[in-house]
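# sequence? don't have it. structure:
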Ligand SMILES: [Zn+2]
């Protein structure tokens, strides 16, 4: 029987989220979750007044998120995902899920009740336990600004989680305020390249990002100085920073999540193309489109043989998936596409089942959810997973 994989899932529960994760303005929302005060009507009002960027259809899902397993432990989230979701709707045998941990401590958004080290140590514990250990594939989230790295080399820390605690890859989230080619991670990349360790990088301009004064962490001059404070994050995520990394470590195995994050049913591809040609980067959407094109180009390049993209989050949008599939076929890079959903983060856009069914209509799941992830996840440390 074939094994299938969702290569992009988050299982952080409410306890892992700091109060200012969505910025000062939405901190009341996070506090309200604590008190369970967020009922359907309040969410509806917030959406009507556009305080929350959600649609009417998203309300029941958000309510489920606020009132359900998300209030519990990460363990409850794993159970939900495996048993209430994949075991119910997928007829594809056993599904394994890649769990992407995130350091929420180092983005100036406050401290979560369950801090980063506790979050990953909980996951390490689940990885030791039956029945989860065979079905969960944790990645270690890294932010070089975490205070533990003042005294501890990042590569030693990652090595321990991969070799002792059986984590299988590294998760990057540059939007939380750092550059992927930060010199503090130099030896980490040597280790990852040598051992063929998979790296997953967030690659879109979204809601979770560095909440402090970006100028404290930005290089000068910044690549896109004219962005709003919320959108300064594009400077950290930009593919130019990865280019610098890949020139040094061309064999690094990196998956660019959400393939840049642009949604084609909302934004016109011809207009984006024109702006890209004239280098008119007047919105994060043009920059996301630039990332989309760059990731597709890297997937075709023989200089960087280990670049992948995933369809997580964007698989709430049929047009985006269809356009991407056409590009992928045109450039003969179907072996570079990974199935994922961005579970939890996608909750205001789709359900896990709908994301799965839509992906299955447009792509061949035997390729993107089985053959490709097997190759992507395999490393010299753990072999086949
Ligand atoms: Zn994600």
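Everything's here; your move. No experiment lies behind these values; they were computed from the predicted model shown.

# alpha carbons only for contacts and neighbour counts from here, please
Fine.

# and for the residue lying closest to residue 182 once chain neighbours are set aside, the neighbour number?
Excluding the flanking residues, the one nearest residue 182 by Cα to Cα, 6 or more residues apart in numbering is residue 144, at 7.9 Å. Residues near residue 144, counting by other Cα atoms under 10 Å, number 21.

# least confident secondary structure element in the chain?
The weakest-scoring helix or strand in the chain, judged by mean pLDDT, DSSP states H and E, is helix 27-35 (a mean of 57).

# helix/strand/coil for residue 308?
The three-state assignment at residue 308 reads strand, by DSSP: H, G, I helix; E, B strand; the rest coil.

# for it, which non-adjacent residue is closest in space?
Ranked by Cα to Cα, 6+ apart and with sequence neighbours excluded, the top spatial neighbour of residue 308 is residue 255, at 4.3 Å.

# and the one you found, how far is that from residue 157?
According to Cα to Cα, to the nearest Å, residue 255 and residue 157 sit 22 Å apart.

# out of the two, which sits in the busier spot?
Neighbour count, other Cα under 10 Å: between residue 255 and residue 157, residue 255 has more, with 26 against 15.

# looks to me like that one is in a strand.
Yes. Counting by three-state DSSP, residue 255 falls inside a strand.

# got the contact list for it?
Residues near residue 255 by Cα atoms under 8 Å, 6 or more residues apart in numbering: 198, 199, 200, 201, 307, 308, 309, 310.

# so who does the residue nearest the centre of the chain touch?
Among the residues of the chain, the one closest to the centroid is residue 202, at 4.4 Å (Cα atoms, centre = their mean). Counting by Cα under 8 Å, 6+ apart, residue 202 makes contact with 171, 172, 173, 174, 175, 237, 256, 257, 258.

# give me the subset of these lying in helices.
Those of the contacts of residue 202 mapping onto helices are residue 237, per DSSP state H.

# of the contacts of residue 202, closest to residue 294?
Residue 294 has its nearest neighbour among these in residue 256, at 10.2 Å by Cα to Cα.

# how close does the closest one sit to residue 307?
From residue 256 to residue 307 the distance is 8 Å (Cα to Cα).

# likewise for residue 230?
Distance, residue 230 to residue 307, by Cα to Cα: 28 Å.

# quick one, which of those two is more surrounded?
More crowded of residue 230 and residue 307, by other Cα under 10 Å: residue 307, with 26 against 18.

# show me where this protein has strands.
With DSSP state E as the criterion, the chain has strands at 4-9, 95-100, 136-142, 169-172, 198-201, 253-256, 307-310, 337-338.

# residue 180: which of the ones you listed is closest?
Short answer: strand 169-172, nearest of the strands of the chain by Cα to Cα, at 7.5 Å.

# ok, and the closest non-adjacent residue to residue 295?
Once flanking residues are discounted, residue 295 sits nearest to residue 259: 6.6 Å by Cα to Cα, 6+ apart.

# got the contact list for that neighbour?
203, 204, 291, 292, 295, 309, 310, 311.

# rerun that using 10 Å as the cut-off
Contacts for residue 259 (Cα atoms under 10 Å, 6 or more residues apart in numbering) come out as 202-204, 288-289, 291-296, 308-314, 324, 337.

# if I look at residue 87, how far off is residue 135?
Counting by Cα to Cα, the gap from residue 87 to residue 135 is 12 Å.

# how about residue 1?
Residue 1 is 15 Å from residue 135, by Cα to Cα.

# sorry, back to before: can you say which of the strands of the chain is packed in most?
strand 337-338 (a mean of 28; mean count of other Cα atoms under 10 Å).

# quickly run through the sheet partners of it, with directions.
Applying DSSP bridges to the sheet, strand 337-338 is found paired with strand 307-310 (parallel).

# report the rounded mean pLDDT for the strand it pairs with.
Strand 307-310 carries an average pLDDT of 98.

# how far is that strand from where the chain is centred?
Averaging C-alpha coordinates over strand 307-310 and over its chain gives two centres that are 12 Å apart (Cα atoms, centre = their mean, to the nearest Å).

# for stretch 278-285, same thing?
On the basis of Cα atoms, centre = their mean, stretch 278-285 sits 23 Å off its chain's mean C-alpha point.

# ends of that stretch, how far apart?
By Cα to Cα, the extent of stretch 278-285 from end to end equals 15 Å.

# give the buried residues for that stretch.
Under the neighbour-count criterion of 16 or more other Cα atoms under 10 Å, stretch 278-285 has 281, 284, 285 buried.

# still on that earlier bit, so what sits against both of residue 256 and residue 307?
Contacts common to residue 256 and residue 307, judged by Cα under 10 Å, 6+ apart, are 199, 295, 296, 337.

# residue 6 against residue 359, yeah?
No. Using Cα atoms under 10 Å, residue 6 makes no contact with residue 359, being 11.3 Å away.

# on that earlier part again, farthest-apart pair in the shared contacts of residue 256 and residue 307, please.
Maximum pairwise distance among the shared contacts of residue 256 and residue 307 (Cα to Cα): 17.1 Å, between 199 and 296.

# before we move on, back to that, mutual contacts of residue 6 and residue 359, please.
312, 339, 340, 341, 368, 369.

# so who does the fourth one touch?
Residues near residue 341 by Cα under 10 Å, 6+ apart: 6-10, 257-258, 310-316, 347, 350-356, 359.

# could you find the closest non-adjacent residue to it?
Going by Cα to Cα, 6+ apart, residue 341 has residue 312 as its nearest residue, at 3.9 Å.
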